[in-house]
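Visitor: I would like the atomic coordinates for the input below:
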Amino acid sequence: MFNCLRQRTSLLISALFLFSTPSLADCCRDQSATRDNPTAIGGRLYDKWWAELDLTAPSITHPAYPTTAKNSGATTWRCKECHGWDYAGAEGAYRKGSHFTGIKGISAYKGEDLARINALLTDTTHQYDRFLNKHALNLIATFVSEGQINMSNSIDLNSKKANGNAIIGQELYGEYCSRCHGDEGEDLNFGSKLKPEYLGPLARRNPWEVLHKIRNGHPGSKMGPKQMHSGNNMRRHHLDKVRMNEPMPAMIKKLTLKQQTDLLSYLQKLESE
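Guide: From the prediction side, this is the model:
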């Protein structure tokens, strides 16, 4: 009788553990749900639409890209290339340097009617209907209207320092980021083998890009072990924590802007070996 009682107790404890503890699959489904947010998808299209949609990159320079600017080819079709990661264009982080175009930002269209933004995306200046269908265009319009933030409230334009709480950010990093990026932010190399660039240095060099990607995710990203093993972009990873080809989650609805800024502040403190 006592053996039977012990077996029932053991089964009960196992059942309680099974139904009270979220599985890795549950966590991945939750992160997938945040990534599928229309505003976040629009943010990734704003970043690099052909990578998000698995399309061939344009082979020509955008006809409206200034001839005095320094880039050419596909990158000139990225919305961020003219309007910036901070959406401030020539008045923001792209006011100087290799990405300067003199083109203004998009803050005036925050809260704007989607039909008006769609009309701009398909006018003779922007011409995005040459490559994108109405659904994709509407997602970009959704981001422009609903996904913009004033990044100057989170990042100092001159020092590039985020004004969050790094202690809180460290807790958030452990919960949401370390599974793919590692405890020190060095599991993913965004550069090359000869010139590696890890999360900490990137957050210090271009905090606006990192905050944009914290909010919206990285276009077409697959951050699990298979991707980490390709080329020279892998250092080490946690096989027990990362699902194969798991995409970078979008935190636009998962974390508050304050928490996103806290996370960025912690990323800026990560050092590389």
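
Visitor: is it true that Asn150 touches Ser107?
Guide: Yes - Asn150 is in contact with Ser107 according to CB atoms under 8 Å; the separation is 7.3 Å. From N, CA and C alone the C-beta is placed, and that goes for glycine too.

Visitor: neighbour count winner among the two?
Guide: Neighbours were counted for Asn150 and for Ser107 using other CB atoms under 10 Å; Ser107 has more, 17 against 12.

Visitor: okay, now the domains of the chain?
Guide: Per automatic domain parsing, the domain ranges recorded for the chain read 37-148, 151-273.

Visitor: By mean pLDDT, show me the worst of those.
Guide: In terms of average pLDDT, domain 151-273 trails the rest of the domains of the chain, at a mean of 85.

Visitor: Tell me the gap between stretch 199-212 and the middle of its chain.
Guide: Distance of stretch 199-212 from the chain centroid (CA atoms, centre = their mean, to the nearest Å) equals 11 Å.

Visitor: Return it as PDB; C-alpha atoms alone will do.
Guide: What follows is stretch 199-212 as a C-alpha-only set of coordinates in PDB (Å, rounded to 0.1, in the frame of the first residue of the first chain):
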ATOM      1  CA  LEU A 199      27.200  42.500 -29.300                       C
ATOM      2  CA  GLY A 200      28.900  44.800 -26.800                       C
ATOM      3  CA  PRO A 201      31.100  46.700 -29.300                       C
ATOM      4  CA  LEU A 202      28.200  46.900 -31.800                       C
ATOM      5  CA  ALA A 203      25.900  48.400 -29.100                       C
ATOM      6  CA  ARG A 204      28.500  51.000 -28.400                       C
ATOM      7  CA  ARG A 205      29.300  51.800 -32.000                       C
ATOM      8  CA  ASN A 206      25.700  51.900 -33.300                       C
ATOM      9  CA  PRO A 207      23.200  51.800 -30.400                       C
ATOM     10  CA  TRP A 208      20.400  53.000 -32.600                       C
ATOM     11  CA  GLU A 209      20.600  49.900 -34.800                       C
ATOM     12  CA  VAL A 210      20.700  47.700 -31.800                       C
ATOM     13  CA  LEU A 211      17.700  49.300 -30.200                       C
ATOM     14  CA  HIS A 212      15.800  49.000 -33.500                       C
END
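
Visitor: Tell me the buried residues in that stretch?
Guide: For stretch 199-212, the neighbour count (16 or more other CB atoms under 10 Å) marks Leu199, Gly200, Pro201, Leu202, Ala203, Arg204, Pro207, Trp208, Glu209, Val210, Leu211, His212 as buried.

Visitor: ditto for stretch 138-154
Guide: Under the neighbour-count criterion of 16+ other CB under 10 Å, stretch 138-154 has 138-149, 151, 154 buried.

Visitor: can you list these in TSV and add distance to Arg35 and secondary structure?
Guide: TSV is the format used below for the buried residues of stretch 138-154 (distance: CB to CB, whole Å; DSSP: H, G, I helix; E, B strand; the rest coil):
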residue	distance to Arg35	secondary structure
Asn138	18	helix
Leu139	13	helix
Ile140	16	helix
Ala141	19	helix
Thr142	15	helix
Phe143	14	helix
Val144	19	helix
Ser145	20	helix
Glu146	16	helix
Gly147	14	coil
Gln148	19	coil
Ile149	18	coil
Met151	21	helix
Ser154	22	coil
